[in-house]
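> return atomic coordinates for the entry below.
(chains A, B, C, D, E, F and G)
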Amino acid sequence: MQGQAQQQAYDRGITIFSPDGRLYQVEYAREAVKRGTASIGIRTAGGVVLAVDKRIPSPLLEDSSVEKIHKADDHIGIASAGHVADARQLIDFARRRAQVNHLRYGEPIGVESLTKEITDHIQQYTQVGGARPFGVALIVGGIENGEPRLFETDPSGTPYEWKALAVGAERGELQGFLEENYDEEADLDSGVALALEALASVNDDSLLPTEVGLATIDAETESFVQFDDDRIEEYLVENELLDEGDDEAEGDGDE
Amino acid sequence: MQGQAQQQAYDRGITIFSPDGRLYQVEYAREAVKRGTASIGIRTAGGVVLAVDKRIPSPLLEDSSVEKIHKADDHIGIASAGHVADARQLIDFARRRAQVNHLRYGEPIGVESLTKEITDHIQQYTQVGGARPFGVALIVGGIENGEPRLFETDPSGTPYEWKALAVGAERGELQGFLEENYDEEADLDSGVALALEALASVNDDSLLPTEVGLATIDAETESFVQFDDDRIEEYLVENELLDEGDDEAEGDGDE
Amino acid sequence: MQGQAQQQAYDRGITIFSPDGRLYQVEYAREAVKRGTASIGIRTAGGVVLAVDKRIPSPLLEDSSVEKIHKADDHIGIASAGHVADARQLIDFARRRAQVNHLRYGEPIGVESLTKEITDHIQQYTQVGGARPFGVALIVGGIENGEPRLFETDPSGTPYEWKALAVGAERGELQGFLEENYDEEADLDSGVALALEALASVNDDSLLPTEVGLATIDAETESFVQFDDDRIEEYLVENELLDEGDDEAEGDGDE
Amino acid sequence: MQGQAQQQAYDRGITIFSPDGRLYQVEYAREAVKRGTASIGIRTAGGVVLAVDKRIPSPLLEDSSVEKIHKADDHIGIASAGHVADARQLIDFARRRAQVNHLRYGEPIGVESLTKEITDHIQQYTQVGGARPFGVALIVGGIENGEPRLFETDPSGTPYEWKALAVGAERGELQGFLEENYDEEADLDSGVALALEALASVNDDSLLPTEVGLATIDAETESFVQFDDDRIEEYLVENELLDEGDDEAEGDGDE
Amino acid sequence: MQGQAQQQAYDRGITIFSPDGRLYQVEYAREAVKRGTASIGIRTAGGVVLAVDKRIPSPLLEDSSVEKIHKADDHIGIASAGHVADARQLIDFARRRAQVNHLRYGEPIGVESLTKEITDHIQQYTQVGGARPFGVALIVGGIENGEPRLFETDPSGTPYEWKALAVGAERGELQGFLEENYDEEADLDSGVALALEALASVNDDSLLPTEVGLATIDAETESFVQFDDDRIEEYLVENELLDEGDDEAEGDGDE
Amino acid sequence: MQGQAQQQAYDRGITIFSPDGRLYQVEYAREAVKRGTASIGIRTAGGVVLAVDKRIPSPLLEDSSVEKIHKADDHIGIASAGHVADARQLIDFARRRAQVNHLRYGEPIGVESLTKEITDHIQQYTQVGGARPFGVALIVGGIENGEPRLFETDPSGTPYEWKALAVGAERGELQGFLEENYDEEADLDSGVALALEALASVNDDSLLPTEVGLATIDAETESFVQFDDDRIEEYLVENELLDEGDDEAEGDGDE
Amino acid sequence: MQGQAQQQAYDRGITIFSPDGRLYQVEYAREAVKRGTASIGIRTAGGVVLAVDKRIPSPLLEDSSVEKIHKADDHIGIASAGHVADARQLIDFARRRAQVNHLRYGEPIGVESLTKEITDHIQQYTQVGGARPFGVALIVGGIENGEPRLFETDPSGTPYEWKALAVGAERGELQGFLEENYDEEADLDSGVALALEALASVNDDSLLPTEVGLATIDAETESFVQFDDDRIEEYLVENELLDEGDDEAEGDGDE
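Numbering: from 1, shown residues only, chains lettered A, B, ... in the order given. Okay, the predicted model is just below:
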């Protein structure tokens, strides 16, 4: 292991290795992910759940404009954590790839294929000079051949497949909560409940509808559905997680 | 958190992350925004209001040439704060995108679509080397499907939708004033009054017509209208905000 | 505000922001403008006056070759202050844009349009890497729809419209003189007198014909006219500003 | 030999030699390989065995998504150690080369040819500027003219042919184990047993099926076959290497 | 004014401004001009005289190969001072522009036009990165519309028109001599005499024919004529400036 | 000669001269050659001998994969010392050039021509930026017009023709041995014996067949022939140089 | 003049001026020339003589492969001193230019034209970034319109014409010897004698045939002829300069 002075010598170069074989810029991009509020993905027998924590820095901000859940194709949704503007670039990339697949092969793109096209794109920004890595992690969920699939892309460009995962702030606590409470046999509604409970677990056990984003991709309909505040409130009431408080924070482009 | 010497190591590179996951050049570009005089946007039931504070460094300067409010399309106006020359680039970009939309689809561009084309353009300057970020924030207001819409673009390339917002100098005070006094049900004239009151609130409660810019996009006519000094004076008199003093400041390309 | 050591860290990079949101290279380019001798522009009801101070470092130098006033089109003249070779590049750019307008639209280019094409060109050199900013300020004067118009371009790429202005050395004193003595109703000849008086005010109240450049764009004829030394001498005699002394200075490419 | 201060002077440049003729960036990329978990390749008379150690940082992670064994063509498999995202790039490169060979020559690519195309590609990233070396080592195994062949590619772009080898973490111990126990006459099943015993030798002599990857390329069928967890468990039971423990580790993109 | 340590911070960048608005690389290129031996240009009523001081470092060097006077077109000659190889590039550029003018317009290029094409070319090397400025000054003399014209190009890319001028070593003394002795009414022969007297004035009042270069462009014939050593000797004898001594100096590519 | 601190100032730039006119990166590339095991070339009346020392770091490594002798064309062989991956690039380059010659001229390429094409290629990497020099020396041997020819290429891109030479580790001792024992009249078999004796002279006077590479290009057959371990063992026995020991070393990409 | 610390600040940049107007990289390239052994050119009434000093570092090196004299065209020869690999690039460039001249104009290229094409090529490497200057000086000799011509190219890209000159090691002593002993009326054989005497004068007054290169371009035949060792020995015997000693030196790519 090496000291701080030595570390500084290697972390300023975008694409070089440190003596112990690390890529500091990629590790710092992971810190940008942690600066963003949490996003959660849960795979159930009945489909995939995406749920996100949204900080609304002012009551005058339209909470719908804090976009952390995106539709990539009819059957695929993506939740993000980290640098918002970077996320938008990757979402656009994902949508274009999904469209190209429709045009070329006349069928929807696979969830795994799309994830790997995204991670290959991310990897280029960690090896070739002239640009910085993407400071964002994505949760890619969807239905493939009738099966729910759930993937993560990280700033190094590595794809992972998960049953349930959290990215962004407090990943450690959230992932622990999921590991303890995850039930592979659960249905989609139970998955929604688990996701909201997880978010609430690091938030005084209660949530505001406007500060939560929620979407599902049902295994049967194979359709991405994003929920509005009213529907989220119903879910919160149902699960006794509703909060009326007012949580204000400074927005700085990292969600 | 880290000390000053360490910060210096990361803030000189245009597109690299600091160890805690921040992009210093983007944060410094936000400082350039704060160096500009304030701009305000307010969404009312009857349309969108754009109002700006203009510093006229010399009585011989044509106050109309301090352009902080721009028409992007018949139904969309943009107010800016920060580096003026950078703002002009983004305005030109926005106008070209609006024209392209007319040509391609035979219909006006949506306010949200235009905002996101602008923010995607801004993001490129924060990730790819060879250029600095844009030192400007824009308020994009307009009518979409009959509904007033109001957006912000920041130097990181993140889009936000607002009911009412301020950018530039004294953003904190102004945003506080708006939060206290904003009324979602208000009509367009009340929106104009609120905008002028907000500007006056950080300016000894009075304003000179030549040092204010004002425009509205009416939800019914769907037309951007910019007001001349006489009309602004009427508004100021009406709201008891008229000043006869003479406020002189050094112009340095940041408005 | 920050100390000198910190400033040095940010002013060597061409296109990056300092922590307080400034672009040092642009500010230093403004210093290059101040190193040049003064240029003045005055808008009168009867047309626009351009007047410049020229330093002739040797009696053997043809004073006509110290070009600070340029014809951009029949109806537009440009005076410059700062780095001479940079000014020539922008003048060439302006002339080409004026010609293109004639070819494309069969009509002369507007004074405001031309100014903004120039400032957009200047802005590029402050944002994209690989080149330095232009070290020159221009005064663009002309007639548009029968109306005299007068603009300034600065090294940041910001356009300003003026009634009367000075750029270059002693801008502060000259602008003060203009503010005190400017009369919007004056005719073109009074404008010429005011310009010469202003130049003389920072030069022991007298001027040499060879060290002054003078041009007008008459609102009626819409024609740029540059005056020779004899005509300038007449004007100086008329206004009791003629000097017979011999003022020698080192030329270093900044006028 | 030289001291640490001198070393620092040369290891930050991507593609330059140090005074003693070393390429530090390539040596650091080798450290990235060591940060990854071990991969093993064994050539037997009956075919090639590829076996890998996989760390599953969370029980919710699909162990199948930790891809360290890849099919490059029907008759060629590749195991990797080191930076996962880099490995994916090289695997994609290998698959494209294999396809091109089918298209151009109507026959499968040779194992040696493919290896050398990969290493030539790797070498470019160690000599030409603008990118960093690949932080990954590959084990390329397959059947060529009925003969099992086994190669290694390292970050310098050098190809080696082996009877049996280990790359990644604990390479030294594993290579020692293989040298002691390797039998050139062994059949494919004995090769599988040796590979698993080697992996177990540095892991308390027991393994979890989910933390092992296993594939063979049979000399007779000339077909790459990857084994599922059940089949791996059978092998582990057969060889008395089965573990029921739970080994958790932090994933950071190096496998 | 600023100290030496600060200066060093700005003079290593090719194309950036110092805090006081100077371009150090251009100023250093002017030093390269001063390292070269002197060149003189004199405009008389009867034509233009170009005269240069040539240092011959060895008696075995052909003095004719120390080229400081060049024919650019039939009616235009160019004398240079400074970095010889740079001068050759600009001369080649000038000749090509003169030829292009013949081809395009069927008439010889104007002296002023040619000079400005050269200075615009020079300016590019002071603003755009990737190359250094030209370390050379040119004296461009010729006949335009029957009138003798005489110009200077400096390393900043500024054109000047002169009656008489000196560039290179001892410019100050030579320019003073010319100012004292120049007579605008003189004929071409008197101009030649003045040029030789000036060169001799800084050289113990005597000159060697081989160490002087001499050319005229007659206003009547409009033809560039370069004189050989015999003719130069005649001129020197005529003007009592002939030397028989032997002046040896080290050549280093600056003349 | 200069001190160490000064040297450091110049050896980090890829393509610049030091004050005493040296190219450090090229000299360091020569060090990379010395890090490789020795290669020997001997020209005899009957043809050319290439012999190399190979270190096999593990008994499981196929010694045939440590390629230091390569066939460039039917009548030309190349032995290398230094960075293996770099050698492969140059060998590929040589083979392509040889093929092009066959295609264009219908005849085999000359040994000297091929060598010079290689050295010109190497030189480019020492003058143009963006890449490092090749860290390898080649011995190019072959038959041209019936005559045996033997060349060396070094990292500076200089070609040399030799009667006999050694490159790589212990070049000094080996070259001394060759100078003492070389006999220009010897036949090919004596040449082989001399090459093996030289290699053995720095290796306790004995060699393992697997750690030696051997090839000849016979002047009569004009054919490159590489020998297998059995044939090498015969040669070693014949010359009383056979060793049964086991010499193990760390491979690091330099051979 | 300035101190050593300051010098270091400017000599690392390839193409920038120092405060006193020097180009250090060009001056260091001149040092590379001095590191090479001497080359001599002599122009006589009967033709041009090229003679070079060659160091043979080992008796096994073919002295003919130390190429310092090259045929550029039938009537033009070139001798070089300095970095051998750089010389080869310029020789190739010269040969291509000579061929192009034959193809385009159907006649041999002039000696002066060829020299200037070479120096213009060299100059580019001293002004434009991305490459270092050429570390070599050339002596270009040939017959033009029946007249012997002799030129030098230096690393700055300046062409000089000489009666006789030396470049490389001990240029000072050799040039002094030539100046003392040169006779413009001498015939070609006397020129050869003078060249050999000069080389011998810095070498204990005796020379080895193998360590001398010799060529002439006869004014009558207009043909480049290079002499073999036997012919050189005859010349040495004739001039009582033959040595039988053995002078060994380290070759490092500079000749």
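
> CA only for contacts and neighbour counts going forward, please
Will do.

> next up, the contacts around the closest residue to A:S206 other than its chain neighbours.
Using Cα to Cα, 6 or more residues apart in numbering or on different chains and skipping residues adjacent in sequence, the residue nearest A:S206 is A:L241, 4.4 Å away. Going by Cα atoms under 8 Å, 6 or more residues apart in numbering or on different chains, A:L241 touches A:L196, A:E197, A:A200, A:D205, A:S206, A:L207.

> give me the buried entries from these.
A:L196, A:E197, A:A200, A:S206, A:L207 (16 or more other Cα atoms under 10 Å in any protein chain shown).

> in terms of pLDDT, where does A:E250 sit?
pLDDT recorded at A:E250 is 45.

> A:F134 now?
Confidence score, pLDDT, at A:F134: 95.

> thought it was touching A:Y125?
Yes. With contact defined as Cα atoms under 8 Å, A:F134 reaches A:Y125; the gap is 7.2 Å.

> tell me which of the two has more neighbours.
A:F134 (30 against 23; other Cα atoms under 10 Å in any protein chain shown).

> which residues sit in contact with that one?
A:A29, A:D86, A:A87, A:I122, A:Y125, A:P155.

> which SS class is it?
coil (DSSP: H, G, I helix; E, B strand; the rest coil).

> sorry, back to before: narrow the contacts of A:F134 to just the buried residues.
For those, buried by 16+ other Cα under 10 Å: A:A29, A:D86, A:A87, A:I122, A:Y125, A:P155.

> who does the closest residue to the third one other than its chain neighbours bridge with?
The shortest distance from A:A87 to any non-neighbouring residue, by Cα to Cα, 6+ apart, is to A:V136 (6.0 Å). The residues paired with A:V136 through beta bridges, assigned by DSSP bridges, are A:G82.

> per-residue pLDDT, A:A131?
82.

> and the gap between it and chain G?
21 Å (Cα to the nearest Cα, to the nearest Å).

> shaky segments in chain A?
Low-confidence segments of chain A (pLDDT under 70): A:1-15, A:244-255.

> run through the residues that contact the residue lying closest to A:V52 once chain neighbours are set aside.
Counting by Cα to Cα, 6+ apart, A:V52 lies nearest to A:S39, which is 4.2 Å off, once chain neighbours are set aside. Counting by Cα under 8 Å, 6+ apart, A:S39 touches A:L50, A:A51, A:V52, A:D53, A:K68, A:A79, A:S80, A:A81, A:I139, A:A166, A:V167, A:G168.

> who does A:S39 form a beta bridge with?
Bridge pairing for A:S39 - DSSP bridges - gives A:V52, A:V167.

> follow-up on the earlier one: which two among the contacts of A:F134 are spaced furthest apart?
Spatial extent of the contacts of A:F134 (Cα to Cα) is set by the pair A:A87 and A:Y125 at 14.0 Å.

> show me where the stretch 1-150 of chain A has strands.
A:39-44, A:47-53, A:69-73, A:76-82, A:136-144, A:147-153 (DSSP state E, counting those that start in this stretch).

> paired strands for the last one, with orientation please.
Here strand A:147-153 is paired, per DSSP bridges, with strand A:136-144 (antiparallel), strand A:159-161 (antiparallel).

> could you tell me which residues make contact with whichever residue of the stretch 51-200 of chain A sits closest to chain C?
The nearest approach of the stretch 51-200 of chain A to chain C comes at A:G130, 12.4 Å away (Cα to the nearest Cα). Contacts here follow Cα under 8 Å, 6+ apart; on that basis A:G130 touches B:V128, B:G129, B:G130, D:G130.

> picking that back up, reformat the contacts of A:S39 as JSON lines; add neighbour count and distance to E:N145.
Below are the contacts of A:S39 laid out as JSON lines (neighbours: other Cα atoms under 10 Å in any protein chain shown; distance: Cα to Cα, whole Å):
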{"residue": "A:L50", "neighbour count": "33", "distance to E:N145": "81"}
{"residue": "A:A51", "neighbour count": "27", "distance to E:N145": "82"}
{"residue": "A:V52", "neighbour count": "28", "distance to E:N145": "80"}
{"residue": "A:D53", "neighbour count": "27", "distance to E:N145": "80"}
{"residue": "A:K68", "neighbour count": "27", "distance to E:N145": "73"}
{"residue": "A:A79", "neighbour count": "29", "distance to E:N145": "75"}
{"residue": "A:S80", "neighbour count": "34", "distance to E:N145": "73"}
{"residue": "A:A81", "neighbour count": "31", "distance to E:N145": "73"}
{"residue": "A:I139", "neighbour count": "29", "distance to E:N145": "77"}
{"residue": "A:A166", "neighbour count": "29", "distance to E:N145": "82"}
{"residue": "A:V167", "neighbour count": "29", "distance to E:N145": "79"}
{"residue": "A:G168", "neighbour count": "28", "distance to E:N145": "77"}
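
> what helices or strands is the top helix by length along chain A leaning on?
Assignment by DSSP state H gives helix A:84-105 as the longest helix of chain A. Here helix A:84-105 touches strand A:69-73, strand A:76-82, helix A:111-127, strand A:136-144, helix B:111-127, going by 3 or more Cα pairs under 8 Å, 6 or more residues apart in numbering or on different chains; DSSP states H and E.

> picking up where we left off before, now secondary structure too, for the buried ones among the contacts of A:L241, in JSON lines please.
JSON lines is the format used below for these (three-state DSSP):
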{"residue": "A:L196", "secondary structure": "helix"}
{"residue": "A:E197", "secondary structure": "helix"}
{"residue": "A:A200", "secondary structure": "helix"}
{"residue": "A:S206", "secondary structure": "coil"}
{"residue": "A:L207", "secondary structure": "strand"}
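
> can I get those residues in JSON lines with distance to B:V111?
Converted to JSON lines, these look like this (distance: Cα to Cα, whole Å):
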{"residue": "A:L196", "distance to B:V111": "33"}
{"residue": "A:E197", "distance to B:V111": "36"}
{"residue": "A:A200", "distance to B:V111": "34"}
{"residue": "A:S206", "distance to B:V111": "35"}
{"residue": "A:L207", "distance to B:V111": "31"}
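
> quick one: contacts for A:I69?
Contacts of A:I69 (Cα under 8 Å, 6+ apart): A:L50, A:A51, A:V52, A:G77, A:I78, A:A79, A:S80, A:G213, A:L214, A:A215.

> what sits closest to the last one if chain neighbours are left out?
The one in question is A:A215. Nearest to A:A215 is A:Q226, by Cα to Cα, 6+ apart, at 4.1 Å.

> list the residues that contact the one you found.
Contacts of A:Q226 by Cα under 8 Å, 6+ apart are A:L214, A:A215, A:T216.

> give me the phi and psi angles of it.
phi -100, psi 140 (degrees, to the nearest 10).

> again with the one 4 residues further on
In terms of degrees, to the nearest 10, the main-chain angles of A:D230 are phi -60, psi -50.

> equivalent analysis for the one 5 residues further on, please.
The main-chain torsion angles of A:Y235 are listed as degrees, to the nearest 10 and equal phi -60, psi -40.

> next, the contact list for it, please.
Taking Cα under 8 Å, 6+ apart, one finds A:A193 in contact with A:Y235.

> and it, how far from chain D?
25 Å.

> okay, now the closest residue to chain F within chain A: neighbour count?
Residue of chain A nearest chain F, by Cα to the nearest Cα: A:G129 (12.3 Å). Residues contacting A:G129 under the criterion other Cα under 10 Å number 19.

> phi and psi next, for it.
phi -70, psi 170.

> wait, doesn't it sit right on D:P133?
No. Counting by Cα under 8 Å, A:G129 does not reach D:P133; the two are 11.6 Å apart.

> just checking, A:S206 touches A:E233?
No. In this structure, A:S206 is not within contact of A:E233 by Cα under 8 Å, at 11.3 Å.
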